[in-house]
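# Pasting a predicted model and its sequence here:
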Amino acid sequence: MQVLPRALALIAVLIALASPAAAAESDAARWARQAQKVTIVRDDWGIAHVHGKTDADAVFGMVYAQAEDDFNRVETNYINAMGRLAEAEGETAIWQDLRMKLFIDPAQLQVQYAQSPAWLRTLMTAWADGLNYYLATHPAVTPRVIRRFEPWMALSFTEGSIGGDIESISLPQLEAFYGGRRTSMADEQFALAQFKEPSGSNGFAIAPSNTAGGHALLLINPHTSFFFRSEQQVSSDEGLNVYGAATWGQFFIYQGFNAKAGWMHTSSGVDVIDEFAETIGKAGLTYRYGAEDRPVTTSTIAVPYRAADGTMKTRTFTVYRTHHGPIVREAGGKWISVALMHRPVAALSQSFLRTKAVDYASYMKVMELQANSSNNTLFADTKGEVAYLHPQFIPRRDDRFDYTKPVDGSDPATDWKGLHALSEAPHLLNPTNGWIANTNNWPYSAAGSYSPRKADYPRYMDSAGENPRGIHADLVLRDRKDFTLQSLIAAAYDPRLTAFDQMIPPLLAAYDATPASDPLKVRLAEQIVLLRGWDHRWSADSAATSLAVFWGEQLWGEVAVTARAAGRPVYEDMATRTTAAQKLTALAVASDRLAQDFGSWRTPWGQINRFQRLTGDLVQPFNDAAPSIPVPFASAQWGSLASFGAGRKPGTRKYYGTSGNSFVAVVEFGDRVQARAVTAGGESGDPKSPHFNDQAGRYAAGDLREVYFHPDQLAGHTERTYRPGR
């Protein structure tokens, strides 16, 4: 007679455990137990040094610390990655979400999560637990969309670049195809004409033969939008010990180093995103492929969005695919499909495993996963090896076709034919000259005369060509045998603007050839004297820098559309394909703009070019009346290695930077690794934090601080030691 009550009691317990409240309680207890295995040390710059018993414990603490510093940016990266931005920002974000959802399907990611290696599932679980524990212990924080992180979500954002491959798809043209909106050629030409800061980065690897200490050196210099990454050290008792920049919300250091090796990623010019012009049949939804008509695959994608009244609504789209990929636009009567890399499990595995590589051989072993499509890599290690790697995901194609434009999708010869082996891509290991550099330029100047030969590779291995920063890197690295950490910093901040080496002489020649009777001859006499005596180097007190930059921007806007349509570098057209009158008129317009905005065309560059951080908003506000800091370095567009992408903002006359140098580090790989670094603004996204803007002065001055990599370096530089949740 007593069995029944006991059975009922057991059933009641099982029901209780199955309830959401009990599950939450169980999760909370599990999170709290894992938090006890994690220690976070905050140094005197607010940077988190996270240690866990296992790699999973370290991941738990790593993302918890990131959430402490800027949960908004953590969540926003995954809102974007999963195509859920419209749930937060409304109907205007629908097309961005649709673009993501063409590739990111939660149901597929959950299947891939279940099929992932056990070690990776453990890390993904720890990642979700760390973020959920942060939310549980910070009830005042209200997520915009994601109220609970699931482990599979980590597979939606697996590569730390600022813009993934998917973002190459044009949103206006996607909207035109699936939304029936007409695109404006004028709008697209206006966008092409605009002066835009180059995205990308700089990386230098210096061999021991070229250093004073006989150790390899590495420059890590990503050019991204500001405040895009968190600076952290993450270690465990399982051998993890890595320092560097982690993109908010990700559980791997994207650009950084460990005790034995370091890596710097730069955006590559390799062509790995291809468009196919599909011939759609008249009778039924088919597309031509060789001698057959294949069915176009259709599916439905629902995009939830927040309406103006705050309620949630949904737009549903029927989307189309061929074997090449999803249809993303229409051109010339053809539907255009896009093919790109989408290998989330391999990509996330590669991103984490490379942080534990201890030398070139072990790093290359990880690269065999072939799940990096967009990054060149500069590598250095304590064995003294330096290397350049091209992206590892490179489809093999027929080089007869120009893959920079849509190719004929009906021709089977245009299809991808597997991937190139690592040895088939441009690469370098320990070149004789003793240095390697990449500035998002082609690999064919990465090591001077010892670079890979362009003729040895298919055209699609590079579509970027050379750039002014590449020329600049060669100037500061060649014939130098005594590099130290400090002199490598000096090279990274060398003030030469190499684009003006090409453009100023034709301007001066145009002036000299202009008749004395021309009104511009008299009007521009003083400006020409200033530019003729200029050494093409930026500085805060240089009026010539201001004049040259304003002139360059004006002339750029006049020739960019034509140059880009012809596939020529814009600099070439500015220098050689503009008339004397165009060059001089642009200088007059630039002079007038300077005088109107700042009172004189002789305004020093530092009075114009400013760093300002007023709030933690994702889109920063700027105010000429509020405090700001002069920045001497200029846009990468003009060849400045130290990049500061700045311009006028709504309501301002001064230029405010929003991208460029974001995290800068130099590393020496001796018996005991040493490094110096600086981050734009500061580690915290909270304006009330002392670490919101405490690095701004050092950032503007290129004054890198000591990195506390070793425990003894933290002595006397520790603000707080704690466990997550405390």
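All right, it came through fine. Numbering: from 1, shown residues only.
# Quick check: R705 touching T679?
No. If you go by CB atoms under 8 Å, R705 and T679 don't touch, sitting 9.4 Å apart. Heads up, the C-betas are built off the backbone N, CA and C, glycines and all.
# Those two: who's more crowded?
Higher neighbour count among R705 and T679: T679, with 28 against 16, using other CB atoms under 10 Å.
# and for R705 and T679, which residues touch both?
Residues touching both R705 and T679 (CB atoms under 8 Å, 6 or more residues apart in numbering): Q695.
# Ramachandran coordinates for I253?
Main-chain dihedrals, I253, degrees, to the nearest 10: phi -80, psi 120.
# Roughly how far does it sit from V366?
Separation of I253 from V366 (CB to CB, to the nearest Å): 14 Å.
# Over to Q486?
Counting by CB to CB - Q486 and V366 are separated by 32 Å.
# If you count surrounding residues, which of these two has more?
Counted by other CB under 10 Å, Q486 and V366 do not tie: V366 has more neighbours, with 19 against 12.
# could you say which helix or strand contains that one?
helix 360-367 (DSSP states H and E).
# and that helix, what's its mean pLDDT?
Helix 360-367 shows an average pLDDT of 98 in the prediction.
# Can you give the distance of the longest helix anywhere in the chain from its chain's centre?
Looking across the chain with DSSP state H, the single longest helix is helix 55-81. Offset of helix 55-81 from its chain centre (CA atoms, centre = their mean, to the nearest Å): 17 Å.
# Any buried residues in that helix, and which?
Neighbour-count burial for helix 55-81 flags 55-81 (criterion: 16 or more other CB atoms under 10 Å).
# Then stretch 127-140?
Buried residues in stretch 127-140 (16+ other CB under 10 Å): W127, A128, D129, G130, L131, N132, Y133, Y134, L135, A136, T137.
# How about stretch 253-269?
Result for stretch 253-269 [16+ other CB under 10 Å]: buried residues 253-269.
# And that stretch, end to end?
Stretch 253-269 stretches 23 Å from its first residue to its last (CA to CA, to the nearest Å).
# could you give the mean pLDDT of it?
On average, stretch 253-269 scores 97.
# Help me confirm that L530 is found in a strand?
No. The assignment for L530, made by DSSP: H, G, I helix; E, B strand; the rest coil, is helix rather than a strand.
# wouldn't it be in contact with A548 here?
No. Assessed by CB under 8 Å, L530 is found out of contact with A548, at 9.2 Å.
# Show me which of these two is the more surrounded one.
Per other CB under 10 Å, whichever of L530 and A548 has more neighbours is A548, with 28 against 17.
# which element is that one on?
According to DSSP H and E, A548 maps onto helix 543-565.
# and that helix, what does it pack onto?
Under the contact criterion of 3 or more CB pairs under 8 Å, 6 or more residues apart in numbering; DSSP states H and E, helix 543-565 touches helix 185-193, helix 498-513, helix 525-532, helix 570-576, helix 580-598, helix 605-608.
# if you set the cut-off to 10 Å instead, what comes out?
Contacts defined by 3 or more CB pairs under 10 Å, 6 or more residues apart in numbering; DSSP states H and E place helix 543-565 against helix 185-193, helix 498-513, helix 525-532, helix 570-576, helix 580-598, helix 605-608, strand 609-611, strand 655-661.
# hey, C-alpha coordinates of stretch 428-441 in CSV?
What follows is stretch 428-441, C-alpha atoms only, in CSV (Å, rounded to 0.1, in the frame of the first residue of the first chain):
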residue,chain,number,x,y,z
LEU,A,428,56.3,32.0,-47.9
LEU,A,429,58.5,30.3,-45.3
ASN,A,430,61.6,32.0,-44.0
PRO,A,431,62.4,34.1,-47.2
THR,A,432,66.1,35.1,-47.6
ASN,A,433,65.3,38.9,-47.2
GLY,A,434,64.2,38.2,-43.6
TRP,A,435,60.8,40.0,-43.6
ILE,A,436,57.3,39.4,-44.8
ALA,A,437,54.5,42.0,-45.0
ASN,A,438,50.9,42.2,-46.1
THR,A,439,48.7,45.2,-46.2
ASN,A,440,45.7,43.7,-48.0
ASN,A,441,47.7,44.0,-51.2
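# And stretch 689-698, what's buried?
Quick answer for stretch 689-698 (16+ other CB under 10 Å): S689, H691, F692, N693, D694, Q695, A696, R698.
# Can you get me the start-to-end distance on that stretch?
18 Å.
# Distance from the chain centre to it, please.
Distance, centroid of stretch 689-698 to centroid of chain: 22 Å (CA atoms, centre = their mean).
# List of residues touching it?
For stretch 689-698, contacts defined as CB atoms under 10 Å, 6 or more residues apart in numbering pick out 42-47, 68-70, 227, 231, 611-616, 627-629, 631, 664, 677-687, 699, 703-705, 719.
# Report the rounded mean pLDDT for that stretch.
On average, the pLDDT along stretch 689-698 is 98.
# for stretch 487-501, same thing?
Rounded mean pLDDT across stretch 487-501 is 98.
# Just give me how far it sits from the chain centre.
22 Å.
# quick one on the thing from earlier: show me what the longest helix of the chain is packed against.
Packed against helix 55-81 by the contact rule (3+ CB pairs under 10 Å, 6+ apart) you find helix 20-35, strand 38-43, strand 48-52, helix 86-89, helix 94-101, helix 118-137, strand 229-236, strand 241-247.
# Determine which of these approaches I280 most closely.
helix 94-101 (20.2 Å; CB to CB).
# tell me the angle of the closest one relative to helix 55-81?
Counting by axes from the mean of the first three to the mean of the last three CA atoms, to 10 degrees, helix 94-101 points 140 degrees away from the direction of helix 55-81.
# Quick check: P326 touching Y320?
Yes. The pair P326 / Y320 is scored as a contact, 7.1 Å apart, by CB atoms under 10 Å.
# Hmm, M461 and P452 touching each other?
Yes. With contact defined as CB under 10 Å, P452 reaches M461; the gap is 8.8 Å.
# Which secondary structure element of the protein has the lowest mean pLDDT?
helix 3-18 (a mean of 37; mean pLDDT, DSSP states H and E).
# could you pull out the strands for the stretch 151-300 of the chain?
With DSSP state E, counting those that start in this stretch as the criterion, the stretch 151-300 of the chain has strands at 200-206, 216-225, 229-236, 241-247, 255-258, 261-267, 274-278, 286-289, 292-295, 297-306.
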